[in-house]
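Peer 1: okay, predicted coordinates and the sequence, questions at the end:
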Number of protein chains: 2
Amino acid sequence: MNQSNHFNEQHLESSDFITDIVIGMSDGLTVPFALAAGLSGAVASTTIVTTAGIAEIVAGSIAMGLGGYLAGKTEQEHYDSELKREFEEVETVPDKEKEEVREIFAHYGLDSDAQKIIVEALAKDKKKWVDFMMKFELGLEKPDVNRARNSALTIGIAYIVGGIIPLSPYFLVDHASDGLKYSALITILTLFIFGYFKSKLTGQNPVLGALKVTAIGAVAAGAAFFVAKIIGA
Amino acid sequence: MNQSNHFNEQHLESSDFITDIVIGMSDGLTVPFALAAGLSGAVASTTIVTTAGIAEIVAGSIAMGLGGYLAGKTEQEHYDSELKREFEEVETVPDKEKEEVREIFAHYGLDSDAQKIIVEALAKDKKKWVDFMMKFELGLEKPDVNRARNSALTIGIAYIVGGIIPLSPYFLVDHASDGLKYSALITILTLFIFGYFKSKLTGQNPVLGALKVTAIGAVAAGAAFFVAKIIGA
């Protein structure tokens, strides 16, 4: 990991894993909860609700996990190709690259003497110069490939675990409408708890954050319920 | 990943709207497609498939749209609170902040004379100094609030439009298994086309990118189909 990654991530480094769990779990809680609620407004059979819910969990976790993994690999390829291009540019058009460095610092009010000193100091070491251009001109951080893979896997699994929570009551009752009552109760409670910890992790007001996360779940479930009731009737 | 995503979006500014459409649409295509496919493996009734599909589209678009909007507002609040703190720090502990600037440039091989020139030049204008710290120490860009709202709305609507595509055949046939055949045909074709344009927008190999996007949809739908078939039986 280079220093620039260190700058950005140092305040979350220890909790990346927990953050991924919370992201996957709150998404997993929201959509399967709302889907199950929606179906409960249209059908009485809990078997249909649980089958649809499990199909959604499988689909959602794969789309989220595999999608995230491939996006991470694409980001890596993008970084590598930009890195190659920057190396070529400092070789072939160093004056243009020097001008770009000057422009960055002119933006922050440095005079041309100061700009010149920075440019000449950077130009001494091409590797560091390219590192500088990647971060300060293109705003690209070196992606951590293992992190992308682990993150995708964690989010995918957390989505499954999260999705099982709103679905579980439907396995235990006979009528979908009863399932919905218990599902709403435990899911709203769980969403609130997750919203609380998610907001704490990102340094936001935990209660306000918890209310937001819970509101998204409630609005999504309510809307799905009424739309499905109208269509299914 | 968010950080670099944010940066990446900058040099795509003219196509933000199109990018949002493609993001929402390819997600909308994938999950409702897989859910409908999964249910088709377990039930014969197209009404159940379409009801569940519509409930999912409602739930997914709200979770994605509203979730994205609130995440954008949270990002704004986070930026504002960090900005306030940086302003306080350059007022109260300027030497510590100067040391942080020196460390950034020491990392790129600049000697202490060059570091000193940059530090003193930056320190002349507190607003620009804080801007510099926000971007290069914390890696934070000023979020565009309107962009977050518009983006959330575009992605939410694109999710709905995308979700209707895999679902539409089920409205036109009597048996879910027939619906699945046509749904798979048009969805895989549409995923390929979207994957192609999505990859072009991000500067990746379009055919390879199209195959990846299509593969995620196919794997998600296949997995949902077999899991639902086992459970529903």
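Peer 2: Arrived safely.
Peer 1: tell me which element residue A:79 is part of?
Peer 2: Assessed by DSSP states H and E, residue A:79 sits inside helix A:46-92.
Peer 1: show me what secondary structure element comes after that helix.
Peer 2: Scanning forward in sequence from helix A:46-92 by DSSP H and E, the next helix or strand is helix A:94-107.
Peer 1: name the helices or strands packed onto the helix holding residue A:79?
Peer 2: Applying 3 or more C-beta pairs under 8 Å, 6 or more residues apart in numbering or on different chains; DSSP states H and E, one finds that helix A:46-92 makes contact with helix A:16-40, helix A:94-107, helix A:126-132, helix A:145-172, helix A:176-201, helix B:16-40, helix B:46-92, helix B:206-232. All C-beta spots, glycine's among them, are computed from the backbone N, C-alpha and C.
Peer 1: report the angle between it and helix B:176-201.
Peer 2: Interaxial angle of helix A:46-92 relative to helix B:176-201 (axes from the mean of the first three to the mean of the last three C-alpha atoms, to 10 degrees): 20 degrees.
Peer 1: state the mean pLDDT of helix A:46-92.
Peer 2: The pLDDT scores in helix A:46-92 average 88.
Peer 1: low-confidence ranges in chain A?
Peer 2: A:1-15, A:233 (pLDDT under 70).
Peer 1: which one in it is furthest away from the centre?
Peer 2: residue A:113 (42.7 Å; C-alpha atoms, centre = their mean).
Peer 1: find the helix or strand that it is a member of.
Peer 2: Using DSSP H and E, residue A:113 sits in helix A:112-123.
Peer 1: which helices and strands does that helix pack with?
Peer 2: helix A:94-107, helix A:126-132, helix B:112-123.
Peer 1: distance-wise, check the closest residue to residue A:75 other than its chain neighbours relative to residue B:158.
Peer 2: Spatially, and ignoring its direct neighbours in sequence, residue A:75 is nearest to residue A:143 (4.8 Å; C-beta to C-beta, 6 or more residues apart in numbering or on different chains). For residue A:143, the distance to residue B:158 (C-beta to C-beta, to the nearest Å) stands at 26 Å.
Peer 1: out of these two, which sits in the busier spot?
Peer 2: residue B:158 (24 against 20; other C-beta atoms under 10 Å in any protein chain shown).
Peer 1: the more buried one against residue B:25, yeah?
Peer 2: Yes. Look at residue B:158 against residue B:25 with C-beta atoms under 8 Å: they come within range, at 4.4 Å.
Peer 1: residues contacting residue A:174?
Peer 2: By C-beta atoms under 8 Å, 6 or more residues apart in numbering or on different chains, the residues touching residue A:174 are residue A:46.
Peer 1: any idea how far residue A:218 is from residue A:60?
Peer 2: Taken as C-beta to C-beta, the span from residue A:60 to residue A:218 is 19 Å.
Peer 1: who has more neighbours, the two?
Peer 2: Using other C-beta under 10 Å as the criterion, residue A:60 and residue A:218 rank with residue A:60 on top: 31 against 18.
Peer 1: ok, the more buried one - contacts?
Peer 2: Residue A:60 makes contact with A:27-28, A:31-32, A:159, A:163, B:31, according to C-beta under 8 Å, 6+ apart.
Peer 1: now do residue A:158
Peer 2: Residues in contact with residue A:158 (C-beta under 8 Å, 6+ apart) are A:20-25, A:28.
Peer 1: can we see that at 10 Å?
Peer 2: A:20-29, A:61, A:64-65 (C-beta atoms under 10 Å, 6 or more residues apart in numbering or on different chains).
Peer 1: what's the answer for residue A:17, then?
Peer 2: By C-beta under 10 Å, 6+ apart, the contact set of residue A:17 is A:150-151, A:154.
Peer 1: mind redoing it with 7 Å?
Peer 2: Residue A:17 sits next to residue A:154 when contact means C-beta atoms under 7 Å, 6 or more residues apart in numbering or on different chains.
Peer 1: distance of it from residue A:163?
Peer 2: In terms of C-beta to C-beta, residue A:17 sits 19 Å off from residue A:163.
Peer 1: can you tell which of the helices and strands packed on helix A:46-92 is closest to residue A:54?
Peer 2: Residue A:54 lies closest, by C-beta to C-beta, to one member of these: helix B:206-232, at 5.7 Å.
Peer 1: let me see the contact set for residue A:108.
Peer 2: By C-beta under 7 Å, 6+ apart, the neighbours of residue A:108 are B:122, B:128, B:131-132.
Peer 1: now the phi/psi pair for it, please.
Peer 2: When read as degrees, to the nearest 10, the backbone of residue A:108 gives phi -90, psi 20.
Peer 1: among the contacts of residue A:108, which pair sits farthest apart?
Peer 2: Most distant of those, by C-beta to C-beta, are B:122 and B:131, 9.5 Å apart.
Peer 1: which one of these two has more residues nearby?
Peer 2: residue B:122 (24 against 18).
Peer 1: counting neighbours, what do you get for residue A:148?
Peer 2: For residue A:148, the neighbour count with other C-beta under 10 Å is 20.
Peer 1: go on, residue A:136?
Peer 2: By other C-beta under 10 Å, the residues close to residue A:136 number 19.
Peer 1: wait, it sits on residue A:104?
Peer 2: Yes. With contact defined as C-beta atoms under 7 Å, residue A:136 reaches residue A:104; the gap is 5.6 Å.
Peer 1: now residue A:169. Nearest residue, chain neighbours left out?
Peer 2: residue A:182 (3.6 Å).
Peer 1: check contacts around the residue lying closest to residue A:126 once chain neighbours are set aside.
Peer 2: Nearest non-adjacent residue to residue A:126, counting by C-beta to C-beta, 6+ apart: residue A:90, 5.5 Å away. Listed by C-beta under 7 Å, 6+ apart, the contact set of residue A:90 reads A:97, A:126, A:129-130.
Peer 1: apply 10 Å and report the result again.
Peer 2: Remark: with contacts taken as C-beta under 10 Å, 6+ apart, residue A:90 is in contact with A:96-98, A:122-123, A:126-127, A:129-130, A:133.
Peer 1: do the same with residue A:164
Peer 2: Residue A:164 neighbours (C-beta under 10 Å, 6+ apart): A:28-29, A:32, A:53-54, A:57, A:171.
Peer 1: please indicate which of these are buried?
Peer 2: A:28-29, A:32, A:53-54, A:57 (16 or more other C-beta atoms under 10 Å in any protein chain shown).
Peer 1: of those residues, just say which sits nearest to residue B:47.
Peer 2: Set against residue B:47, the nearest of the buried ones among the contacts of residue A:164 by C-beta to C-beta is residue A:53 (17.6 Å).
Peer 1: for burial, what's the neighbour tally of the residue lying closest to the closest one once chain neighbours are set aside?
Peer 2: Nearest non-adjacent residue to residue A:53, counting by C-beta to C-beta, 6+ apart: residue A:167, 4.2 Å away. Residue A:167 has 25 neighbouring residues, counting by other C-beta under 10 Å.
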